[in-house]
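[1] 3D, please:
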Amino acid sequence: MRVVNEMKLSEENKERIVKEIQFVIENMKATPDMDESLYYLSAIHSIINRIFNIEFNRHLTFIHFVLINCYGTILKAVTIARQGKQPITIDSEFFTKLTELLDELANAIKEDKTTFEILEKISVLTYSISGNGYFLQKKGIKVIDF
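    Below you'll find the model as predicted:
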């Protein structure tokens, strides 16, 4: 199995991504509003998309894929929760943990370190607010172990 986790991006583009993630984190931390947090979160996969249109990188497409799916899953869960159609609750701790993981991601990108484990944690955290992830937790299965 070939594991590619090399950013090999120009310093300028890595800096753009890191600055955007840091901006998102600051603004997500500053608001208790889930819709506003989602608004800022969307900026991360957007900047990554713009960067890999300029400087293509396989691993960057993986990061983009995880983050855009994270955004879509959270958007769906927030929308359903606001409509009161299912019992899933999303508390501020979810967004706190997400911003911590995004900070780890920014640092890993900046320092050319592996991002796979961070992306895996983002995926698991996001899964925890999906219908099945929530169901498993209600059954007593520890979905989030970090």
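[2] so for stretch 81-88, what gets flagged as buried?
    Across stretch 81-88, burial judged by 16 or more other Cβ atoms under 10 Å covers Ala81, Ile88. (Each C-beta comes from the backbone N, C-alpha and C, glycine too.)
[3] same thing with stretch 44-64?
    Applying 16+ other Cβ under 10 Å to stretch 44-64 flags Ile44, His45, Ile47, Ile48, Ile51, Phe52, Asn57, His59, Leu60, Ile63, His64 as buried.
[4] following the helix of greatest length in the chain, which helix or strand comes up?
    Determined from DSSP state H, the single longest helix within the chain is helix 58-83. Downstream of helix 58-83, the first helix or strand assigned by DSSP states H and E is helix 92-110.
[5] list the contacts of the helix or strand just after that following helix.
    Sequence order places helix 116-127 as the next helix or strand after helix 92-110, per DSSP H and E. Contact with helix 116-127 is made by 3, 5, 62-63, 66-67, 69-70, 73-74, 94, 97-98, 101-102, 104-105, 108, 133, 143-144, 146, as judged by Cβ atoms under 8 Å, 6 or more residues apart in numbering.
[6] quick check: PyMOL command selecting the buried ones in the residues you listed.
    Per 16+ other Cβ under 10 Å, the buried members of these correspond to this PyMOL selection:
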select buried, resi 5+63+66+67+70+73+74+94+97+98+101+102+104+105+108+133+143
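[7] low-confidence ranges, this structure, go.
    Residue ranges of the chain with pLDDT under 70: 1-6.
[8] just to revisit the earlier point, what is the longest helix of the chain packed up against?
    helix 34-54, helix 116-127 (3 or more Cβ pairs under 8 Å, 6 or more residues apart in numbering; DSSP states H and E).
[9] adding distance to Ile90, write those helices out as TSV.
    Formatted as TSV, the helices and strands packed on helix 58-83 follow (distance: least, Cβ to Cβ, whole Å):
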stretch	distance to Ile90
helix 34-54	6
helix 116-127	11
